[in-house]
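1. When you get a sec, could you give me coordinates for this:
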Amino acid sequence: MAPHEAIGTAGALRADPTALQAIAADFSSDQRAFKNVPWGKPMMWIFLVSDTFIFGSFLISYMTVRGSTQTPWPNTSEVFSLTLFGQSVPLLLIAIMTFVLISSSGTMALAVNYGYRKDRKTTFWLLVATAALGATFVGMQAFEWTKLIMEGVRPWGNPWGAAQFGSCFFMITGFHGTHVTIGVIFLIIVAAKVRRGDLDANRPGFLTGRRGNYEIVETMGLYWHFVDLVWVFIFAFFYLW
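-> This next block holds a predicted model:
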């Protein structure tokens, strides 16, 4: 832009104050467009995206270690088998854990659905059911850890082959189990808020979100479905491979 053109533009802006208002309106249009968007959901999405990179790094590291080790990798079908009626059943406990966690996704989805219907009682019990299924999963994972520790698995070695197996197992399943445990705690908190009626329009409270909607239930659902989806990848890459 030539100097005289810049001077002319500045003069036009001073002469027409509505032009400055129009510019300010353009810059603030995004703020107006997203004024009614709850902050909880975008913040949860940002957290889940960052967590995806962490879980992805863990699984990529695991595949790299397993593909590069010269020592035979333990047979997961045998390591994670359970004896039932005198017969060794491969991956029985892992299959049950997977079924429990996937079922909890169904109850969580129903909780979100009934939350939007503002059915407080049904939403509460579905959240409780989801938390109970999540706690059951964590309990079975604790049993799995105890069983392998008693059999000699350590982060630095194991009796069946490659020493890296123990570190990969405890790192990946432990990190996921921590997420499930945190999710169970928050499910109980949200269920308590629903039971008290903190999410209803006519109920006063503190830090309960916007009155008259159950968006916190949906936000909790995003986290829970993410945890379930991550387990599907862990199940496929760590236990089935």
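
2. Going by C-alpha atoms from here, please, whenever you check contacts or count neighbours.
-> OK.

3. buried residues in the longest helix along the chain?
-> Using DSSP state H, we find that the single longest helix of the chain is helix 164-196. Neighbour-count burial for helix 164-196, with 16 or more other Cα atoms under 10 Å as criterion, is recorded at 164-170, 172-173, 176-177, 179-181, 183-184, 187-188, 190-191, 193-195.

4. mean confidence for it?
-> When pLDDT is averaged over helix 164-196, the result is 96.

5. how far does it sit from the chain's center?
-> Helix 164-196 sits 9 Å away from the centroid of its parent chain (Cα atoms, centre = their mean, to the nearest Å).

6. Check which element follows it along the chain.
-> Counting by DSSP states H and E, the element after helix 164-196 in chain order, helix or strand, is helix 215-234.

7. Show residues contacting that next one.
-> With contact meaning Cα atoms under 8 Å, 6 or more residues apart in numbering, helix 215-234 is reached by 40-41, 44-45, 48, 55, 59, 98, 101-102, 105, 108-109, 111-112, 115, 172-173, 176, 179-180, 183, 186-187, 190, 209.

8. quick one: that helix to helix 164-196, angle?
-> Calculated by axes from the mean of the first three to the mean of the last three Cα atoms, to 10 degrees, helix 215-234 forms an angle of 160 degrees with helix 164-196.

9. Kindly export helix 215-234 (C-alpha atoms) in CSV.
-> Only the C-alpha atoms of helix 215-234 are listed here, as CSV (Å, rounded to 0.1, in the frame of the first residue of the first chain):
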residue,chain,number,x,y,z
GLU,A,215,-24.2,-31.7,30.2
ILE,A,216,-21.8,-32.9,32.9
VAL,A,217,-23.2,-36.4,32.3
GLU,A,218,-22.4,-36.2,28.6
THR,A,219,-18.9,-34.9,29.4
MET,A,220,-18.3,-37.8,31.7
GLY,A,221,-19.6,-40.1,29.0
LEU,A,222,-16.9,-38.8,26.6
TYR,A,223,-14.2,-39.7,29.1
TRP,A,224,-15.7,-43.1,29.7
HIS,A,225,-16.1,-44.1,26.1
PHE,A,226,-12.5,-43.0,25.5
VAL,A,227,-11.3,-45.3,28.2
ASP,A,228,-13.3,-48.2,26.7
LEU,A,229,-12.0,-47.5,23.2
VAL,A,230,-8.4,-47.5,24.5
TRP,A,231,-8.9,-50.9,26.1
VAL,A,232,-10.0,-52.3,22.7
PHE,A,233,-6.6,-51.3,21.3
ILE,A,234,-4.8,-52.7,24.3
